[in-house]
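Chemist: mind folding the following:
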Amino acid sequence: NVAIPGTGVPLSLFSRSSVATLGVIVIIYPIVALLGAIRGAAGSEPSLGKSFASLLLRPTDWFSLWRLNCRLAALHFLRTKDKGYLLEDKWRFLQRAKEEGIPVTPWLDDAMMVVKHKNEEGGLGFYRYKNVTAGGNWIIQPSLRNHSTIRKLLPTNAPLSTFRVLTASTHGLEGLPRRRSGTSNATTGKEQVGGGRTNNESKAKQRKKNTSSTVKTLTVVWRAGRSGAATDHNSVLFDVQQDSGKILRGTTNQHWYQLGGSKILTTSWTQDLRYLHHPDTGVAVTGKVLPEIKKILDVAERAHSELVPGVPLVGWDVAMTEKHGILLLEGNFSCNFFMGTVDYDWYYKFCDDFYRALW
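Modeler: Sure thing, here's the model as predicted:
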């Protein structure tokens, strides 16, 4: 459901064969990068040549970074078979997190849930869902309400609007047979903590201490849901400062989801929109401060270090709820930055270390 903005052509069409995929990478993508450079898509580059090189070899658009993260996750699992990836199963994740005392969304234990339309008859409008707790495929949960801190910034009918906290862990570099000496330390800027303790409890505590020292938050984005939307996938993406909790400018990635021939002339190639207010209400968002930012980051970093320390990157969906406080909804292992601020020097070094160790 994604297209290069301004083309309207779903990229999934080119992934149906290796030949088509190779053709896109070798032929189409350089052309798109050149056209983007001509249109000034790189922005900060002073010349056409540098702009073209930046888009071709060092793209920072939302989709390219997402694909880079996806490739890293796929290659890492292929080489290591890290069991942390099992927690992509949302039910396994919820159970494991609850065992570790990490706050997650509550669920109902009823074996079956029945939903009926108030007017339809003859068996129409009748739906039955078997709960995962009873061997079914559905996680049945109560609806959650946004906390008043953020609810006042949203339309009254906005969906649950979560924070995407993307964390990175260098713990997975340890023990890789082809890892370059000192790679992990170079990325984290810390030496790995050793220990001569012999009892299992001390070793477990030391292991948790070691893994927590290798986890770092890369970006935080608040997805402010749009009026009437079912989920915050339709939202304005507001960047958030990690240290202060200050909400910065907002933008959107919706121009990547415009499909069909009619979108060729109507879709912007780049996203130059900058939101300071919520577009559905006019309420000022940029400049507001989230006093709970440390708790939001802590729950994500703790989940990464305790649940999936070997997985390189995880995008956590964190909710601020009225009744339950701060909760984790799920972890996304093929994650993206949602247009947030990223320390690219650190991130590229992190990716380079992993790719060299895994390839």
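
Chemist: from residue 133, how far out is residue 237?
Modeler: Per Cβ to Cβ, to the nearest Å, residue 237 is found 34 Å from residue 133. Glycine gets a C-beta too; all of them are placed from N, C-alpha and C.

Chemist: likewise residue 291?
Modeler: 36 Å.

Chemist: name the residue in those two with the higher neighbour count.
Modeler: Per other Cβ atoms under 10 Å, whichever of residue 291 and residue 133 has more neighbours is residue 133, with 16 against 9.

Chemist: any idea which element the residue lying closest to that one once chain neighbours are set aside lies in?
Modeler: Closest residue to residue 133 apart from its sequence neighbours, by Cβ to Cβ, 6 or more residues apart in numbering: residue 109 at 5.2 Å. Using DSSP states H and E, residue 109 is not contained in any helix or strand.

Chemist: same question, the one 5 residues further on
Modeler: Residue 114 is part of strand 112-116, with elements assigned from DSSP H and E.

Chemist: partner strands of that strand and their direction?
Modeler: Next to strand 112-116 in the sheet, as set by DSSP bridges, lie strand 126-130 (antiparallel).

Chemist: pLDDT-wise, which helix or strand of this protein ranks last?
Modeler: Using mean pLDDT, DSSP states H and E, the weakest-scoring helix or strand in the chain turns out to be helix 183-188, at a mean of 44.

Chemist: and the closest residue to residue 38 other than its chain neighbours, how far is that from residue 55?
Modeler: Once flanking residues are discounted, residue 38 sits nearest to residue 48: 6.9 Å by Cβ to Cβ, 6+ apart. For residue 48, the distance to residue 55 (Cβ to Cβ) stands at 11 Å.

Chemist: which neighbours do the two have in common?
Modeler: Taking Cβ atoms under 8 Å, 6 or more residues apart in numbering as the contact rule, the neighbours common to residue 48 and residue 55 are residue 37.

Chemist: the two: which has the busier surroundings?
Modeler: Neighbour totals were compared for residue 48 and residue 55, and residue 55 leads with 23 against 13 (other Cβ under 10 Å).

Chemist: with adjacent residues omitted, what lies nearest to that one?
Modeler: residue 33 (4.1 Å).

Chemist: what residues are up against that neighbour?
Modeler: Residue 33 neighbours (Cβ under 8 Å, 6+ apart): 52, 55, 56, 59.

Chemist: now do the helices in this protein.
Modeler: 18-23, 29-38, 48-57, 62-80, 90-99, 148-151, 183-188, 200-212, 293-307, 344-358 (DSSP state H).

Chemist: in the third one, what counts as buried?
Modeler: By neighbour count, and taking 16 or more other Cβ atoms under 10 Å as the criterion, the buried residues in helix 48-57 are 51, 52, 54, 55.

Chemist: bridging residues for the closest residue to residue 110 other than its chain neighbours?
Modeler: Leaving aside its chain neighbours, residue 110 sits nearest to residue 131 (6.0 Å; criterion: Cβ to Cβ, 6+ apart). Counting by DSSP bridges, residue 131 is bridged to residue 138.

Chemist: from residue 91, how far off is residue 131?
Modeler: Residue 131 sits 10 Å away from residue 91, going by Cβ to Cβ.

Chemist: any common contacting residues for the two?
Modeler: By Cβ under 8 Å, 6+ apart, the residues touching both residue 131 and residue 91 are residue 139.

Chemist: where does the chain dip in pLDDT?
Modeler: 40-46, 177-212, 270-272 (pLDDT under 70).

Chemist: can you point me to the longest strand in it?
Modeler: strand 215-225 (DSSP state E).

Chemist: against which helices or strands is that strand packed?
Modeler: Judged by 3 or more Cβ pairs under 8 Å, 6 or more residues apart in numbering; DSSP states H and E, the packing partners of strand 215-225 are strand 163-169, strand 235-240, helix 293-307, helix 344-358.

Chemist: out of those, deepest packed?
Modeler: Mean neighbour count (mean count of other Cβ atoms under 10 Å) peaks for strand 163-169 among the helices and strands packed on strand 215-225, with a mean of 26.

Chemist: for that one, packing partners?
Modeler: Strand 163-169 packs on strand 215-225, helix 293-307, strand 313-321, going by 3+ Cβ pairs under 8 Å, 6+ apart.

Chemist: quick one: which of the ones you listed is nearest residue 120?
Modeler: strand 215-225 (29.0 Å; Cβ to Cβ).

Chemist: C-alpha coordinates for that closest one, PDB please?
Modeler: Taking Å, rounded to 0.1, in the frame of the first residue of the first chain, the C-alpha atoms of strand 215-225 are listed here in PDB:
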ATOM      1  CA  VAL A 215      20.100   0.000  24.800                       C
ATOM      2  CA  LYS A 216      19.600   3.500  23.500                       C
ATOM      3  CA  THR A 217      16.500   5.500  22.400                       C
ATOM      4  CA  LEU A 218      17.000   6.900  18.900                       C
ATOM      5  CA  THR A 219      13.800   8.800  18.300                       C
ATOM      6  CA  VAL A 220      10.400   9.600  19.800                       C
ATOM      7  CA  VAL A 221       7.400  10.700  17.800                       C
ATOM      8  CA  TRP A 222       3.800  11.400  19.000                       C
ATOM      9  CA  ARG A 223       1.200  10.200  16.500                       C
ATOM     10  CA  ALA A 224      -1.600  12.700  17.000                       C
ATOM     11  CA  GLY A 225      -4.600  10.900  15.600                       C
END
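
Chemist: I'm done for today, thanks for sticking with me.
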